[in-house]
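Chemist: sequence and predicted structure below; questions after.
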Amino acid sequence: MAIDKLDLKKNVLSAGKSLAVFAIVASALVGLTFISTKTTIEDNERETLLKSLNALVPVGYYNNDLYKDSIPLDTPALNYRKKPITIYRARLDNNPVAAIFSVTAPDGYNGAINMLIAIRANETLSGVRVVSHKETPGLGDAIEIEKSYWIKSFDDKSLSNPVEKKWRVKKDGGEFDQLTGATITPRAIVKITKKSLLYFMENKDQIFGDTKNVTSGL
Amino acid sequence: MEIRTKVINSHDKTPSHSDEFIKGLWRENPVFVQVLGMCPTLAVTNSAINALAMGLATFFVIVMSNTLVSLLRHAIPQQVRIASYILIIATFVTLVDYLLQAMSLTLHQALGAFVPLIVVNCVILGRAEAFASKNSAARSFLDGAGMGLGFTLGLLCLGMVRELLGSGSLFGFMLLPDNFEKWTIMLLPGGGFFTLGLWLLVINYFNRRKVQS
């Protein structure tokens, strides 16, 4: 019996030891790959984001570092799951050009819809784009610019065009078309766009003003 | 050891090296014959490019893990072998995850949670336990390559049919005319099951005819 126990202890220890060695080697390998791919991954992320930002505010219209000139915004009206959102600020010779809200509509048909909403300094929309979503293929996915031009119906709109009351889909007595077979998706997008516009109008000076709040990168 | 002897007995000789590779493509195809790893098979095959990326990622992981498990088969203690296999597989999956992010962020986003889930793909663990732990490194490498390629082919078969009928395109290029009414169902989970069922039907039909004749 005593010998059995000793044997068992030895077995467990040696098994544990080899597993630990494997774990250390594996972690080292993962760490090495992480370090060597880190910059490429970050570059990729920045490039992808800049491309979508530039689709809303074209390169010639601003001359600051749009990617770095961002602030976190913590407001109950726009937060998604209580997490702050990000605003990118486009400036031309330090004059405000546009603010791009990176927001999430929480109430899509299949969950969250991540979006970019670009608002010019004169409180009109420069454009809205969907970054990622899980809406139904063939129905709700017409919100993608690649699938249909529906999302362009927000271009140049503001809270006075149409008036605030008309910021709904047509089914709810508003101005915006719903999509065939999908009402919930457009409803969610109209709602978050309106909220962003409202927030922008009320806090424009703060958004562009306080440069001390600028965080470097993300 | 037991399984190995059985295999040898049933074939009456050790299979040749080329046979270790070829068996995964058709005779023991992981998707169509073993019907293993169904989660990624059904989930990411809504377009050909997703299917190809998932297949190649799995290919890399299975080849590397098979080879390493085989090389270490005498060093891995019997009691913790499954934990060791998972550790080895998880390492390579994490590497693939980083590499994929570095190569194409859009592809990485399209595959979403399914790249980390390669860890629990039973094809890979199955090959480690049933083959690599009992065979030489060269054989395990070939077995992994065959199975990985077979898995990729299976995924591609599904992805191409689903993309063609569901989006009218192949690898992103529009093939069918604009007036083609797209079968949206093919892009949804239901379409995955339909396509897989049809492929299984076709393959079983031909296999049976071969056996009869």
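Modeler: Yes, it's here.
Chemist: all strands for the chain, in order.
Modeler: Reading this off chain A. Along chain A, counting by DSSP state E, strands occupy A:70-73, A:85-92, A:95-108, A:111-120, A:125-132.
Chemist: oops, I was thinking of chain B
Modeler: Per DSSP E, chain B carries strands over the ranges B:169-170, B:173-174.
Chemist: of all those strands, which one is nearest B:T152?
Modeler: When the strands of chain B are compared by C-beta to C-beta, strand B:169-170 sits nearest B:T152, at 16.2 Å. Heads up, the C-betas are built off the backbone N, CA and C, glycines and all.
Chemist: for that closest one, name the packing helices and strands.
Modeler: Here strand B:169-170 touches helix B:137-167, going by 3 or more C-beta pairs under 8 Å, 6 or more residues apart in numbering or on different chains; DSSP states H and E.
Chemist: so how far is the helix it packs on from its chain's centroid?
Modeler: Its chain's C-alpha centre and that of helix B:137-167 lie 5 Å apart, by C-alpha atoms, centre = their mean, to the nearest Å.
Chemist: any idea which of the strands of chain B scores lowest on pLDDT?
Modeler: With a mean of 88, strand B:173-174 has the lowest mean pLDDT of the strands of chain B.
Chemist: report the buried residues of stretch B:107-124.
Modeler: B:L107, B:H108, B:A110, B:L111, B:F114, B:V115, B:L117, B:I118, B:V119, B:N121, B:V123, B:I124 (16 or more other C-beta atoms under 10 Å in any protein chain shown).
Chemist: I'd say the fifth one and B:G55 touch.
Modeler: No - when contacts are counted by C-beta atoms under 8 Å, B:F114 is not listed as touching B:G55 (11.6 Å).
Chemist: before we move on, back to that, give me the lowest-pLDDT entry from the buried residues of stretch B:107-124.
Modeler: B:A110 (80).
Chemist: wait, it sits on B:N50?
Modeler: Yes - between B:A110 and B:N50 there is a contact under C-beta under 8 Å: 5.4 Å.
Chemist: so who does A:S153 touch?
Modeler: By C-beta atoms under 8 Å, 6 or more residues apart in numbering or on different chains, A:S153 lies in contact with A:F176, A:D177.
Chemist: same check, this time on B:F21
Modeler: With C-beta under 8 Å, 6+ apart, B:F21 has these contacts: B:L142, B:D143, B:A145, B:G146.
Chemist: considering those, which is situated nearest to A:V190?
Modeler: Out of those, the member with the shortest distance to A:V190 (by C-beta to C-beta) is B:A145, at 52.0 Å.
Chemist: what distance do you get for that closest one to B:L165?
Modeler: Note on B:A145: its distance to B:L165, by C-beta to C-beta, to the nearest Å, is 31 Å.
Chemist: again with B:V96
Modeler: 29 Å.
Chemist: which of the strands of chain A sits closest to chain B?
Modeler: The minimum distance between chain B and these falls on strand A:125-132, with 6.8 Å, by C-beta to the nearest C-beta.
Chemist: how about the residues of chain A by chain B?
Modeler: Proximity of chain A to chain B, by C-beta under 8 Å from any C-beta of the partner chain, involves residues A:11-12, A:14-16, A:18-19, A:22-23, A:26, A:29-30, A:33-34, A:37, A:40-41, A:44-45, A:48, A:132, A:136-139.
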